[in-house]
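1. Show me how the following folds:
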Amino acid sequence: MIERITEHPGYLIHFKPENPSDQAVLLLHGFPANRNTKNLDLADAIHRRENCHVFLLHYRGLGESAGVFSFRNSIEEAMGVVDRIHRDFSPKQLSVVGHSWGGLVAMNVTASRSEMVHRLILLSPLCDLDKTHGLYGWIVRDVRNEVPGIYGDKPEAEVRADIDYVIANHDPKKVVKRFRPDLPVTLIQAALDDTTPARAAKELLEFFPTRPEYIELPMDHSFTESRKDLAEAVLNAMQT
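-> Below is the predicted model of the structure:
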């Protein structure tokens with residue numbers, strides 16, 4: 001059964017099992033995720049195999065969620081979802097899975113809600129984003145051409161200030177240092193990724209209190225070559 005929760009900031013899709021296990025999974029997709037399923041297929045695979053509650057968040061302004069997107073707000077929205085999951089479902093274990101921008105969000109959620117998150121799985125996460133990075137210019141200017149209205153009527157300066165705040169306050173290399181040493185972390189990297197390359201992922205590994213499990217799959221940034229292999233890698237990571 002799929003339940004759509006719309007009263008939460010953002011749009012929350014809940015895969016609801018009839019006789020659920022005692023675990024739950026939160027999936028956080030990338031930005032702007034306008035070319036793929038926003039990991040709907042991955043949520044379905046986890047739901048079927050694990051028979052657990054699976055939540056898929058569409059940040060405000062993306063996917064099926066109304067409103068205007070904000071990088072800073074998307075992190076706060078995800079933290080609110082974790083609070084809601086624990087309040088309403090009280091899982092014994094919560095795994096957070098984040099892809100690309102969702103990986104950066106997931107790392108910040110895990111650091112902020114360390115007592116609530118029991119496992120972290122990162123899929124080609126956004127590891128760094130300085131102002132010389134070509135991705136930075138695409139985010140503040142060019143994405144409007146691909147996704148009209150994504151920032152509403154915000155001027156470029158306001159969008160720039162939004163992402164600059166995240167760079168200053170939510171840097172993954174600083175955030176992961178706050179993780180519990182016993183937290184299971186798996187980083188699944190797309191080997192053919194030119195958006196968040198393997199080089200950056202390997203650099204990030206050095207900042208964790210305990211080095212994460214690292215896996216490379218021969219795919220592009222969106223893992224389009226074999227979603228089945230990606231799902232299998234995530235499901236295997238959930239058993240660690």
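2. May I have the helix or strand containing residue 48 exported as CSV, CA atoms only?
-> Assigning secondary structure by DSSP states H and E places residue 48 in helix 40-50. Extracted in CSV, the C-alpha atoms of helix 40-50 (Å, rounded to 0.1, in the frame of the first residue of the first chain):
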residue,chain,number,x,y,z
LEU,A,40,10.6,5.2,-6.5
ASP,A,41,11.8,1.9,-7.9
LEU,A,42,14.4,1.6,-5.1
ALA,A,43,11.8,2.3,-2.5
ASP,A,44,9.6,-0.4,-3.9
ALA,A,45,12.4,-3.0,-4.0
ILE,A,46,13.3,-2.3,-0.3
HIS,A,47,9.6,-2.4,0.7
ARG,A,48,9.1,-5.8,-1.0
ARG,A,49,12.3,-7.5,0.2
GLU,A,50,12.4,-6.1,3.8
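3. same for it, what does it pack against?
-> Judged by 3 or more C-beta pairs under 8 Å, 6 or more residues apart in numbering; DSSP states H and E, helix 40-50 is in contact with strand 11-15, strand 23-28, strand 53-58, helix 227-237. Where C-beta positions appear, they are placed from N, C-alpha and C, glycine not excepted.
4. Contacts for stretch 193-201, please.
-> Contact partners of stretch 193-201, identified using C-beta atoms under 8 Å, 6 or more residues apart in numbering, comprise 100, 103, 124-128, 135, 187, 189-191, 214, 216, 219-221.
5. and what of stretch 129-147?
-> 31-32, 34, 150-151, 156, 159-160, 163-164, 166-167, 195.
6. Give the residue spans of this protein that score low on pLDDT.
-> Counting by pLDDT under 70, the ranges of the chain that qualify are 34-37.
7. related to what we said a few turns ago, sort out which of the contacts of stretch 193-201 are buried, if you could.
-> 100, 103, 124-127, 187, 189-190, 214, 216, 219, 221 (16 or more other C-beta atoms under 10 Å).
8. Got the phi and psi for the closest residue to residue 237 other than its chain neighbours?
-> Sequence neighbours aside, residue 186 is the residue nearest to residue 237 in space, at 3.8 Å (criterion: C-beta to C-beta, 6 or more residues apart in numbering). Phi and psi for residue 186, reported as degrees, to the nearest 10, are phi -120, psi 130.
9. Could I get the full set of helices for this protein?
-> Under the criterion DSSP state H, helices of the chain are mapped to 40-50, 71-89, 101-112, 134-137, 143-146, 156-169, 172-175, 198-205, 227-237.
10. got the angle between the last one and helix 40-50?
-> Using axes from the mean of the first three to the mean of the last three C-alpha atoms, to 10 degrees, the interaxial angle of helix 227-237 with respect to helix 40-50 works out to 50 degrees.
11. So which other helices or strands are in contact with helix 227-237?
-> Packing partners of helix 227-237 (3+ C-beta pairs under 8 Å, 6+ apart): helix 40-50, strand 119-123, strand 185-190, strand 213-217.
12. chain center to it: distance?
-> From the chain centre to the centre of helix 227-237 is a distance of 16 Å (C-alpha atoms, centre = their mean, to the nearest Å).
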